[in-house]
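Participant: Attaching a predicted model along with its sequence, questions to come.
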Amino acid sequence: MVEQKDLVRQLEEVSIFESLNEKELSDIISRSQVVSYKKDDVIIFESEEGNSVYIILEGMVKISRQNEEYKEVILAILGEKEFFGEMSVLDGALRSADVAALSRVHLLKIDGKVFLEFLEKQPKLSIALLKEFVSRLRKTDHQIKSISLEDAVGKVASVVIRLANDVGRLKRGRVEIENFASQQEIANYAATSRETISRVLTMFEREGLIERDMNKIIINNFEVFKQKFGSS
Ligand code: CMP
């Protein structure tokens, strides 16, 4: 059981809730549920009706859709303190994508009506939400560019940078990306093949740009890596 005050501490670190005080956060928590899923469980199915918003308390999820050939296309990977499920709650349309657990996850499931009630009362919450939408749009624009313009090396470099930004841990210039996704999933995120991912990662490793420990990827110098591949 997660204690109420621990939950308040966790929600305080969620960027969209920055403007809410302890009482308001406690109010949200008392009207929500903590739910858990194991790796590979599907939390949201594309095209279902949706009336909950989820905050990630622990773990990681992937947001994906299937293309016409039933191949998975990963749109985003989200980690702790991020949220999903807001799109259907805001516009009342069906869920826009599948959301599945990439590890064991604990989530706070907030009823859509409670979420909307807080949005109406709290302009700062709406602004924080808009900022997050802008950031997601920027990432998506970047992803479209990398899919359509870059060669294999550029695509793989771009997905490594995206993973580092999404879920990497930065320590003294190095970024560690935990072992959470299969090479096939990384390929689905980069819109390339598993063989290409494997070949280019091996090349990066030989050049000393990255190290691999089991499936963990370590970027030795993130700034140098970003400069080399012209991405921010
Ligand atoms: P919803 O459509 O309700 O359910 C699927 C969720 O996936 C969606 O809300 C968003 O929270 C999330 N999602 C969809 N597309 C993206 C994206 N490009 N980047 C990050 N999250 C997304």
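Facilitator: Perfect, thanks for sending it. On a predicted model such as this, the values are computed, not experimentally measured, just so you know.

Participant: Any regions of this structure where pLDDT drops low?
Facilitator: 1-2, 231-232 (pLDDT under 70).

Participant: For the most centrally placed residue in it, grab phi and psi.
Facilitator: Nearest residue to the geometric centre of the chain (Cα atoms, centre = their mean): residue 78, 1.5 Å. According to degrees, to the nearest 10, the main-chain angles of residue 78 amount to phi -120, psi 150.

Participant: so what's it closest to, chain neighbours aside?
Facilitator: Distances taken as Cβ to Cβ, 6 or more residues apart in numbering place residue 61 nearest to residue 78, at 5.4 Å, with adjacent residues excluded. All C-beta spots, glycine's among them, are computed from the backbone N, C-alpha and C.

Participant: Would you agree that neighbour is in contact with residue 102?
Facilitator: Yes - assessed by Cβ atoms under 8 Å, residue 61 is found in contact with residue 102 at 6.0 Å.

Participant: Return every residue with contacts to both of the two.
Facilitator: Both residue 61 and residue 102 are in contact with residue 77, where contact means Cβ atoms under 8 Å, 6 or more residues apart in numbering.

Participant: just checking, the residue nearest to the centre of the chain touches residue 84?
Facilitator: Yes - with contact defined as Cβ under 8 Å, residue 78 reaches residue 84; the gap is 6.0 Å.

Participant: Now do the shared contacts for those two.
Facilitator: Shared contacts of residue 78 and residue 84 (Cβ under 8 Å, 6+ apart): 56, 61, 63.

Participant: what sits up against stretch 197-217?
Facilitator: 152-153, 156-157, 159-160, 163, 176-179, 182-183, 186-187, 190, 218-220, 224-225, 228.

Participant: Could you pull out the buried residues of the longest helix seen in the chain?
Facilitator: Assignment by DSSP state H gives helix 123-149 as the longest helix of the chain. Neighbour counts using 16 or more other Cβ atoms under 10 Å place 125, 128, 129, 142, 143, 146 of helix 123-149 among the buried residues.

Participant: What of stretch 25-39?
Facilitator: Under 16+ other Cβ under 10 Å, the buried positions of stretch 25-39 are 25, 26, 28, 29, 32, 37.

Participant: May I ask you to confirm that the third one belongs to a helix?
Facilitator: Yes - Residue 28 forms part of a helix when assessed by DSSP: H, G, I helix; E, B strand; the rest coil.

Participant: sorry, back to before: now, among the buried residues of helix 123-149, which is nearest to the ligand?
Facilitator: Relative to the ligand, the closest of the buried residues of helix 123-149 is residue 143; by Cβ to the nearest ligand atom it sits at 8.1 Å.

Participant: thought that closest one was touching residue 162?
Facilitator: Yes - here residue 143 reaches residue 162: they are 7.0 Å apart, a contact under Cβ under 8 Å.

Participant: and which of the shared contacts of residue 78 and residue 84 is nearest to the ligand?
Facilitator: Of all those, residue 63 has the smallest distance to the ligand: 4.4 Å, by Cβ to the nearest ligand atom.

Participant: picking up where we left off before, counting by contacts, list what the longest helix of the chain packs against.
Facilitator: strand 72-78, helix 112-121, helix 152-167 (3 or more Cβ pairs under 8 Å, 6 or more residues apart in numbering; DSSP states H and E).

Participant: who's in contact with the longest one?
Facilitator: Applying Cβ under 8 Å, 6+ apart, the contact partners of helix 152-167 are 60, 76-79, 139, 142-143, 146-147, 150, 170, 175, 177-178, 180-181, 186, 189-192, 196-197, 199-201, 203-204, 210, 217, 219, 222, 225-226, 228-229, 231.

Participant: Using ChimeraX, define a selection of the buried residues within these.
Facilitator: Applying 16+ other Cβ under 10 Å to the contacts of helix 152-167 leaves a buried subset, and the ChimeraX line that selects it is:
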select :60,76,77,78,79,142,143,146,150,175,177,178,180,181,186,189,190,191,192,196,197,200,201,204,210,217,219,222,225,226,229,231
